[in-house]
Structures are given as C-alpha cells and as structure tokens.
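[1] just a sequence and a predicted model for now, questions to come.
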Amino acid sequence: MFLRIVRLRVREGQEAAFTSFYQERVIPALAGTDGCLYAGLLAPWRGEGHQSLTIWESIDRAHAYEDSGLYHRLLAEAAPYLSERTEWRVRLSRDPLETSDPSRREIAAEEYKVEADEGSGALENDGRAPFVRIVDLRVDPDRRDEFVSIYTGEVMPALRAQKGCRGVFLAEGAADLKSMLSITLWNREEDAMRYEMGGEFERLTARLKTTFSPLYDWRVSLGGPAEPGSSGLKVSSYQLVRGRRLDPNDPER
C-alpha cells in the first residue's frame with residue numbers, strides 16, 4: 001500500500017465549511033478514482049495544519065490520480081477555504097522531457113510506502129473518531145532493516161497492548177528512505193497522553209535509538225515543529241474528523 005499526505009492550512013473560521021467540502025466533494029471524487037482505498041481528513045489538535053490522508057493500492061495509482069488533473073481541480077475548488085499562508089508551487093512534471101505546467105498550482109504531497117499495518121480498520125469514522133498521533137522519525141539508511149525489524153517485532157505489539165490503542169502504521173518515505181512515520185490511532189487523547197507520559201514512549205524510543213540517523217539530537221517536540229536547528233523527533237496530534245474506506249468492490253463506488 002501507498003500513503004499520500006497533503007498538508008493544508010485552512011483559513012480561520014472556515015474549518016467547518018472545509019470539513020463539509022471534504023465530506024461532500026473530495027471523498028466522493030476519490031471514491032470514483034481507481035486505486036484509492038481510503039480518504040480521511042485530520043484536524044489539528046494543537047498548533048498544526050489539517051492533513052488529507054489517502055491510501056492507495058500503489059504509487060502508480062496515486063500518480064495517475066495526480067496526472068489526470070483531478071487533484072488540481074479539487075485543490076482549485078478548495079482554495080477559497082485555505083489560508084493565504086498556503087504554500088503553492090507550479091506543478092512539476094515527472095517526465096524530464098516535459099516542461100512544468102504553470103497553469104496548474106498544487107500543494108506538494110508527501111509520499112510513503114506502508115511497511116506495516118495493524119488495525120487500519122480504526123480509520124473508519126464510525127461515530128467514534130480516533131485521536132491520531134504521528135511521530136516523524138529519521139532513520140540511518142544503513143540500519144533501516146534493523147529499525148523495521150525492531151518496530152514490527154517489539155514496538156507494534158507494545159503499542160497494541162496499550163489501553164485505548166486502536167491501530168498502528170509504519171510508513172517509509174517513497175523518495176527519502178531516511179524518513180519514517182509511526183502513526184497510531186487512539187480512542188481518546190487521554191489514552192495517548194497516558195502512553196506518552198507513562199514512560200513507555202520513552203522506553204520504545206530508546207530501544208530504537210541506535211537505528212536513528214546520527215544527525216538526531218533526540219529532543220522531542222510535542223504538537224509543533226522542532227526548535228530551530230533541531231532535528232529531534234516531532235510528535236503531532238490530530239482528530240480524524242472525516243474518513244471513509246473506499247472498497248474497490250463496492251457497487252456504489
């Protein structure tokens with residue numbers, strides 16, 4: 001599977017309207033797109049922008065969606081809800097023989113390969129929207145396999161044993177192999193904070209520490225970017241406000 005994240009800065013006061021737009025326009029559009037397995041909107045808990053999180057059968061399916069023009073049409077329709085601080089760029093061509101299209105503005109998407117997934121059904125927004133915690137990690141490329149082995153063999157079981165943990169993902173950067181995301185889904189913020197403050201997060205981080213990039217200074221930033229000059233862990237928190245699994249066999253698709 002392939003994970004695609006688009007970070008969005010929503011205009012103040014437009015949060016509810018944008019959420020409705022995502023529910024009524026974006027999710028149905030993605031439901032009709034080949035290869036899209038899931039679409040969800042994450043609202044910031046503290047100090048972050050919104051995120052549109054989509055899961056795809058493959059990187060080729062995700063790129064076909066971008067190349068079709070639908071992504072850019074949806075962004076154009078979303079523009080009235082977005083802050084003037086939104087970072088737009090001219091669409092970049094993947095073909096070196098083609099020039100970029102200046103008529104298509106886009107927000108750069110972050111792309112990840114899903115390395116491990118346990119409990120992804122918790123992404124369903126079934127009336128009990130999960131609290132989502134994302135830890136951004138930088139791994140030493142030479143110790144990548146060791147990191148994945150420890151994470152899947154020790155960290156994932158420890159997380160699933162935590163009270164209130166509904167699911168765990170591990171995703172690796174498609175272009176930047178040093179980048180890893182640990183994504184956990186919780187019943188409530190209190191459950192995630194209990195894990196955070198109870199010492200288990202610190203213990204698991206220490207277990208993985210030898211596999212991290214040597215550039216890390218190991219300071220942890222909660223709810224926002226790391227301090228200037230820091231390359232420490234970044235922990236971000238969100239509420240899943242809209243989400244739907246897109247079954248390719250669904251006759252209503």
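    That came in fine, so what should we check first?
[2] ranges for the helices of the stretch 151-253 of the chain?
    With helices called from DSSP state H, counting those that start in this stretch, the stretch 151-253 of the chain shows them at 156-160, 189-197, 200-208.
[3] can you tell which of the ones you listed is closest to residue 132?
    helix 189-197 (8.8 Å; C-beta to C-beta). In this view, the C-beta of every residue, glycine as well, is placed from N, C-alpha and C.
[4] ok, residues contacting the closest one?
    With C-beta atoms under 8 Å, 6 or more residues apart in numbering as the test, helix 189-197 has contacts from 45, 131, 133, 159, 162-165, 184, 186, 201, 222, 235, 237.
[5] of the residues you listed, grab the buried ones for PyMOL.
    Buried members of these, defined by 16 or more other C-beta atoms under 10 Å, are picked up in PyMOL with:
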select buried, resi 45+131+133+159+162+164+165+184+186+201+235+237
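[6] in the contacts of helix 189-197, find the pair that's most separated.
    With C-beta to C-beta as the measure, no two of these lie farther apart than 163 and 222, at 20.2 Å.
[7] returning to what we had before: switch the contacts of helix 189-197 over to JSON lines; also include pLDDT and distance to residue 3.
    Formatted as JSON lines, the contacts of helix 189-197 follow (pLDDT from 0 to 100; distance: C-beta to C-beta, whole Å):
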{"residue": "45", "pLDDT": "80", "distance to residue 3": "20"}
{"residue": "131", "pLDDT": "91", "distance to residue 3": "19"}
{"residue": "133", "pLDDT": "93", "distance to residue 3": "15"}
{"residue": "159", "pLDDT": "95", "distance to residue 3": "18"}
{"residue": "162", "pLDDT": "95", "distance to residue 3": "22"}
{"residue": "163", "pLDDT": "94", "distance to residue 3": "26"}
{"residue": "164", "pLDDT": "93", "distance to residue 3": "23"}
{"residue": "165", "pLDDT": "93", "distance to residue 3": "19"}
{"residue": "184", "pLDDT": "93", "distance to residue 3": "14"}
{"residue": "186", "pLDDT": "93", "distance to residue 3": "19"}
{"residue": "201", "pLDDT": "91", "distance to residue 3": "22"}
{"residue": "222", "pLDDT": "47", "distance to residue 3": "23"}
{"residue": "235", "pLDDT": "85", "distance to residue 3": "18"}
{"residue": "237", "pLDDT": "88", "distance to residue 3": "18"}
